[in-house]
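Q: sequence and predicted structure below; questions after.
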Amino acid sequence: MSNQIERLINIVEERKEDLVSLLKRLIEYKTPAPPARNTKEAQQFIAEFLEEKGFSIDMWDVYPNDPNVVGVLKGKEPTLYNSLIINGHMDVAEVSEDEKWDVDPFVPIVKDDVIIGRGAADMKGGLAGALFAIQLLHEHGIRLPGDLILQSVIGEEVGEAGTLECCKKGYKADFAVVVDTSDLHIQGQGGVITGWITVKSDKTYHDATRRQMIHAGGKLFAASAIEKMTNIIHGLQDLERHWAVSKSYPGNPPGTNTINPAVIEGGRHAAFIADECRLWITVHYYPNETHEQIIKEIEEHILHVAHADPWLRENPPTFVWGGKSMIVDRGEIFPSLEVDPNHPGVKRLSQTHEHILSKEAIVDVSPTVTDGGWLGDAGIPTVIYGPGKLQHAHAVNEQLSIQELVEYTKVILAFIYEWCHSKKSELTVE
Ligand SMILES: [Zn+2]
C-alpha cells in the first residue's frame, strides 16, 4: 500500500472524535420508515457534504420529502481506472411508542465505547465511515483516477428501493459496496419477494346457507374462501418443507428458504359466507435463485393443490407478486446477490481488510436482505460490507462499537483509494 494511504489510515485513529460526531449528526436526523417521508433534511446534509468535496449532485424526490442523493466525483482518468459505487440507505427502522430505550433513540450518546441511537448499526454507521473516508481524501488533496459515486438512498426499510431508482437512472460502476450492517463480513444475500394469494368466490351467500354447502344432500356447490385458504396454507407448508430438504446454499443454514404466511384477511362479516380471502406471504430464497423462478415454483405447486380440490379447481387462486412499497402497495422485492470470490473487487477488498485489520476476511451470506440485490440485478458486481451487528439492527438501544466503526472507516478509505487507483480489468495484486 502506498505511503500516502498508510498515513491517512493513521489519521482515522487520530480523528476518531470527528468520525463519531459525524455519525451522531446522522442519527440526529429523525428518519424512521415507517412512517417515512422524512429524509429530506438528512439528504440535504449529505448533498452539501459531498458538494463541498467536489462531487456533482443529483438529488430527486422518490416520494415527497424522501429524495435520493447521488454524488459523482469524476476521476482524473475514468476510462482507464476502476469506478466504485458506495451505497447506503438514510432511512432507519421504526421506533414504536412502547419501546424501552435507555436514551432518546434520536439523541445519540456514547457509553462504554459504543454509540447508542437508532440507525447506529443499520446503517448510518456505514454511511458515516464512507463519508469520513471521502472527507479525509478531500482534505489531503487526493484526486482519484477512477470515478467515485456515493448513493444515499431512501426507503430500504419499507421495501421502497431507492437504489432501484438509481439503477434506473443508469448509474453504473465496475464495483459496488453496500455499506449496510455486515459486522465487517463481505457478503452476498438471498432474495425476498412478497406476494398476495387470493381465493375468491364469484357468488355471495347468506351464512344460513352453510348447511347446504357442507352437508350431505345440500346440493349447493359453494365454499367458504377462508376455509379453502387453509388448503393453500398447507400446500405452502409442503413446498417449504420440500425446499428445505432439497435445496441448499453454502453459508446459509438449511431451511433458510422459508415461506411465511404473514398476514391474512377475509370475509365480510358474520352474516355472510366468506367469499374472499387474501394471504400475504414472504418468501426467502437462495442467492443463486431468482424471484421469477420462485414465483413459477409456487404458482405451479399451489395450482396443483387447487386442482386436487373440487371447488378450488373451479375457483383457482390468483397471485399478485412483489410491489414497490410495504406502506403504499403492500409488497416488496429484494433480489438475491451472489458474490464471486474471484472478482478483482472482492479480492482487493479482502486483501485490504486483512492488511489493515490483521484479521481474516470472511466472505459469506447475509441472513437478511439489503439493496445490494438491486445493484447486482443491474449487472454491477456488488458486495455488502459494513459495520454493526444484525442483533443490534432494528433493536432497542441499537448500537455500534466505536472500535468497529474506526476499523471499518480505515478499510473503506483504503479500499476506495486502492480500487479507484487500479486499472480496469488488469488489477495488479501486491
Ligand atoms: Zn439496512
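A: Good, I have the coordinates. Residues are numbered from 1 along each chain as shown.

Q: contacting residues around D275?
A: Applying Cβ atoms under 8 Å, 6 or more residues apart in numbering to D275 gives the contacts 200-201, 203-205, 225, 267-268. The C-beta positions use only the backbone N, C-alpha and C, and glycine is treated the same way.

Q: report whether stretch 368-383 contacts the ion.
A: No. With Cβ under 5 Å from the ion as the criterion, the ion is not reached by stretch 368-383; the gap is at least 5.8 Å.

Q: and the ion, which of the contacts of D275 contact it?
A: Counting by Cβ under 5 Å from the ion, no member of the contacts of D275 reaches the ion.

Q: which elements pack onto the helix or strand hosting I232?
A: Of the helices and strands defined by DSSP states H and E, I232 is found in helix 225-246. Applying 3 or more Cβ pairs under 8 Å, 6 or more residues apart in numbering; DSSP states H and E, we find helix 225-246 packed against strand 191-200, strand 259-266, strand 276-285, helix 291-307, helix 310-314.

Q: flag every buried residue along the shortest one.
A: By neighbour count on 16 or more other Cβ atoms under 10 Å, the buried set for helix 310-314 is 311-312.

Q: which secondary structure elements does it contact?
A: By 3+ Cβ pairs under 8 Å, 6+ apart, helix 310-314 packs against helix 225-246, helix 291-307.

Q: got the contact list for the last one?
A: Put plainly, it is helix 291-307. Contacts for helix 291-307 (Cβ under 8 Å, 6+ apart): 191, 193, 195, 197, 231-232, 234-236, 238-239, 259, 283, 285, 312-313, 316-317, 319, 321-322, 333, 335-336.

Q: now it against strand 191-200, angle please.
A: For helix 291-307 against strand 191-200, the angle by axes from the mean of the first three to the mean of the last three Cα atoms, to 10 degrees is 30 degrees.

Q: and helix 291-307, how far out from the chain middle?
A: 25 Å (Cα atoms, centre = their mean, to the nearest Å).

Q: now the angle from that helix to strand 259-266?
A: 60 degrees.

Q: helices of the chain, start to end?
A: 3-14, 16-28, 40-52, 125-139, 162-168, 210-214, 225-246, 291-307, 310-314, 344-357, 372-377, 402-420 (DSSP state H).

Q: the fourth one: which residues count as buried?
A: So that's helix 125-139. For helix 125-139, by 16+ other Cβ under 10 Å, it's 125-138.

Q: do the same with the first one
A: Going by neighbour count (16+ other Cβ under 10 Å), the buried part of helix 3-14 is 5, 8-9, 12.

Q: understood, closing this out.
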